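Enquirer: I'll drop the sequence and a predicted model, then ask my questions.
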Amino acid sequence: MKLYKYLYLLPSFAFMVTSCNLDEIPEGGTITSDQKDEIQSKDPSKLKADVIGLSSNLIKYNSIGEWYGGTAHFDFGFASACMMYDASGMDMPSEDTGYNWYRSQLRMTDRTETGTNTYYFWNLFYSEIKMANDILKVATADVEDKALKQYRGQALATRAWSYLNLVQIYQFTYKGHENAPAVPIVTEETTGEQAASNPRATVAAVYDLIMKDLTDAIGLLTADRDSKDQVNINVAYGLRARANLLMQNWQDAATDAEKAMEGYTPYSRNDVSKPSFNDSNASSWIWGNVVTETNDIVQSGILNFPSHMCSFTGNGYAPGYAGRYINSKLYSQIPDTDVRKGWWALGDPVYDENNKLLGYDFTGKCPNVDWTWKYNYQGVDYNIADWLGWQAPYLNVKFGPYQNVYNNATNACDFPMMRAEEMILIKAEAQAMAGNVSGAKSTLENFVKNYRDPSYVCSVSSAEALQDEIWFQRRVELWGEGFSFFDMMRLKKPMDRTGANYAANVAFSLPAESQIFLWLIPEDEINNNSGISKDDNNPVVSVPTI
């Protein structure tokens, strides 16, 4: 018996929540005088709930339901934004079907003023900025209370992180584009009048704010926190390492990355020799979305990261409807001795008696998967070999199901936002580009040999070649975590989906810094912000053709 999983869709009105309107974001960063008095009179000891809200907003269910007019099945927080980033690049092929909620990024048809996804980005990050600004209105720069200093540091770092995302969504990378228009800046000091006529700040101005916020945050934060979904000093250093890398402040990037990983160690080779990356308790996780079974995104059933990414979930799109794969050309470059080659599975096609393709049998085609797993269907256990719902080879098996239970219908997996491995790779690249090639090679080799591939030797000798080798390591190590598209932009690489396992109609070959890479500022923002006209927006360009 050949088995297929069924997707149970929830009614669009389920778990509806009220979303913010764009005429309040970023203008929503300012408040009326009555609201300000109310905030300032708030008991500072109760500000903790607002700080917790910074992390809970990143796993928010149906945040744009009111604007969307229903429930978008990608509307489950920051992890979904990361899937949008990756789907826009050249490392994550997926099915070009109606079940794929990231199809518009795959096709690059979402770069419009009225696009759902650009609204989603804008709403997600400016909502976070507004929450941070409201905290900063209470936890002011002159606070003496120890707890308030921590809250201020968390708000500053979160605001910087939000702008670091926005500046890369709406403009090309820092170097060479310092004076290009980025996004409006809204701080806790922005007045309502200023917010209503707030032009796009330059890339340099946005980065100035990011760096100031992070430096101030580092001066306030400690390593202590209640949960890994909260910002601490390690996270702030890690964010500044990312910003410095983008700005090509090489030595500062290396120093910050080193400080960010203090107290954290990479996943061991054994740790990642099976589907994993689903639990924030891992020693390598510096920061992440911490998800519980009671969260709305979990209670929704399928509006969550495992539904769309985990090939072993018992309830979702990924198995049988919209799988996530690695670019076959990238996969072919991974040595067989590298444990990460097992993060993706090959498969043999299976045909019926009429030579019709039924699916792919993955049994034994990946050393990282327990192929003795039984799939339960209507109370009967079947061998995994009978499951043909997976659609194609190069299938992602990197992300394990909740509690590492195959076919688990509860999608309460955590999502990594910063890992020690990323910091090691930042340090290595920064060392190389700062002129310390031997030190960079040592940093890279120590990581890969000890944690991923004991046979690894870095054979390149120039800084630029080493930067490319580290880019390859980032593409493999951080696959599916939202880094690949921005890395392509940062390094000014062309997009090349040709000759790989992309559908023919989306196998684009585009030069570096193609205009289609940038999203457009939403029409709603332009209509409500006199400081930005349609002429100030990023250019509308044609969707790529083959």
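Expert: Done, it's in.
Enquirer: make it CA atoms for all contacts and neighbour counts henceforth
Expert: OK.
Enquirer: quick one, what contacts Leu220?
Expert: Leu220 makes contacts with 149-150, 152-153, as judged by C-alpha atoms under 8 Å, 6 or more residues apart in numbering.
Enquirer: from the residues you listed, which ones fall inside helices?
Expert: When DSSP state H defines the helices, the subset of the contacts of Leu220 inside them is 149-150, 152-153.
Enquirer: make a ChimeraX selection of the buried ones in those residues.
Expert: The following ChimeraX selection, which keeps only the buried ones among the ones in helices among the contacts of Leu220, applies the criterion 16 or more other C-alpha atoms under 10 Å:
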select :149,150,152,153
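Enquirer: what is the rounded mean pLDDT of the helix or strand hosting Leu124?
Expert: The secondary structure element spanning Leu124 is helix 116-138 (assigned by DSSP states H and E). Along helix 116-138, the predicted local confidence has a mean pLDDT of 96.
Enquirer: just to revisit the earlier point, in TSV: the contacts of Leu220, plus pLDDT and distance to Leu357.
Expert: Shown next, in TSV, are the contacts of Leu220 (pLDDT from 0 to 100; distance: C-alpha to C-alpha, whole Å):
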residue	pLDDT	distance to Leu357
Lys149	96	61
Gln150	96	58
Arg152	97	58
Gly153	98	56
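Enquirer: please, where are all the helices along the stretch 1-150 of the chain?
Expert: For the stretch 1-150 of the chain, helices defined by DSSP state H, counting those that start in this stretch occupy the ranges 33-40, 48-56, 65-68, 78-88, 103-107, 116-138, 146-170.
Enquirer: and of the ones you listed, who's closest to Lys427?
Expert: Lys427 lies closest to helix 146-170 among the helices of the stretch 1-150 of the chain, at 19.0 Å (C-alpha to C-alpha).
Enquirer: and the closest one, how far from the chain's centre?
Expert: 16 Å (C-alpha atoms, centre = their mean, to the nearest Å).
Enquirer: cool, and stretch 60-75?
Expert: In terms of C-alpha atoms, centre = their mean, the centre of stretch 60-75 is found 18 Å from the chain centre.
Enquirer: with stretch 190-206 instead?
Expert: Put simply, stretch 190-206 sits 26 Å off its chain's centre (C-alpha atoms, centre = their mean).
Enquirer: go on, stretch 529-546?
Expert: 24 Å.
Enquirer: swap in stretch 302-316?
Expert: How far stretch 302-316 lies from its chain's middle: 16 Å, per C-alpha atoms, centre = their mean.
Enquirer: ok, and for that stretch, which residues are buried?
Expert: Along stretch 302-316, the positions that meet the burial threshold by neighbour count (16+ other C-alpha under 10 Å) are 302-316.
Enquirer: now distance to Arg324 too, for the helices of the stretch 1-150 of the chain, in CSV please.
Expert: What follows is the helices of the stretch 1-150 of the chain, written out as CSV (distance: least, C-alpha to C-alpha, whole Å):
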stretch, distance to Arg324
helix 33-40, 45
helix 48-56, 26
helix 65-68, 25
helix 78-88, 9
helix 103-107, 11
helix 116-138, 19
helix 146-170, 22
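Enquirer: save the ones in helices among the contacts of Leu220 as CSV, and put in distance to Ser542 too.
Expert: What follows is those, written out as CSV (distance: C-alpha to C-alpha, whole Å):
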residue, distance to Ser542
Lys149, 48
Gln150, 47
Arg152, 44
Gly153, 43
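Enquirer: quick one: low-confidence parts of the chain?
Expert: Residues of the chain that meet the criterion pLDDT under 70 lie in 1-43, 375-378, 382-389.
Enquirer: which residues of it fall in strands?
Expert: 285-289, 344-345, 348-351, 357-361, 374-377, 380-383, 395-396, 415-419, 495-496, 509-510 (DSSP state E).
Enquirer: and of these, who's closest to Cys82?
Expert: Across these, the minimum distance to Cys82, taken as C-alpha to C-alpha, is reached by strand 415-419, at 9.5 Å.
Enquirer: helices or strands next to that closest one in the packing?
Expert: With contacts taken as 3 or more C-alpha pairs under 8 Å, 6 or more residues apart in numbering; DSSP states H and E, strand 415-419 sits against strand 285-289.
Enquirer: for the strand it packs on, name the packing helices and strands.
Expert: Under the contact definition 3+ C-alpha pairs under 8 Å, 6+ apart, strand 285-289 sits against helix 233-247, strand 415-419.
Enquirer: need the ones you listed in a markdown table with distance to Lys493, can you?
Expert: Shown next, in a markdown table, are those (distance: least, C-alpha to C-alpha, whole Å):
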| stretch | distance to Lys493 |
| --- | --- |
| helix 233-247 | 14 |
| strand 415-419 | 23 |
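Enquirer: re the thing from before, so which of the helices of the stretch 1-150 of the chain comes closest to Phe399?
Expert: Minimum separation from Phe399 across the helices of the stretch 1-150 of the chain (C-alpha to C-alpha) falls at helix 78-88, 12.9 Å.
Enquirer: coming back round to it: tell me which of the buried residues of stretch 302-316 fall in helices.
Expert: Per DSSP H, helices hold the following members of these: 305-309.
Enquirer: quick check, Lys259 in contact with Asn234.
Expert: Yes. Contact criterion C-alpha atoms under 8 Å: Lys259 and Asn234 qualify, at 6.8 Å.
Enquirer: looking at these two, which one has more neighbours?
Expert: Comparing Lys259 with Asn234 by other C-alpha atoms under 10 Å, the one with more neighbours is Asn234, at 26 against 17.
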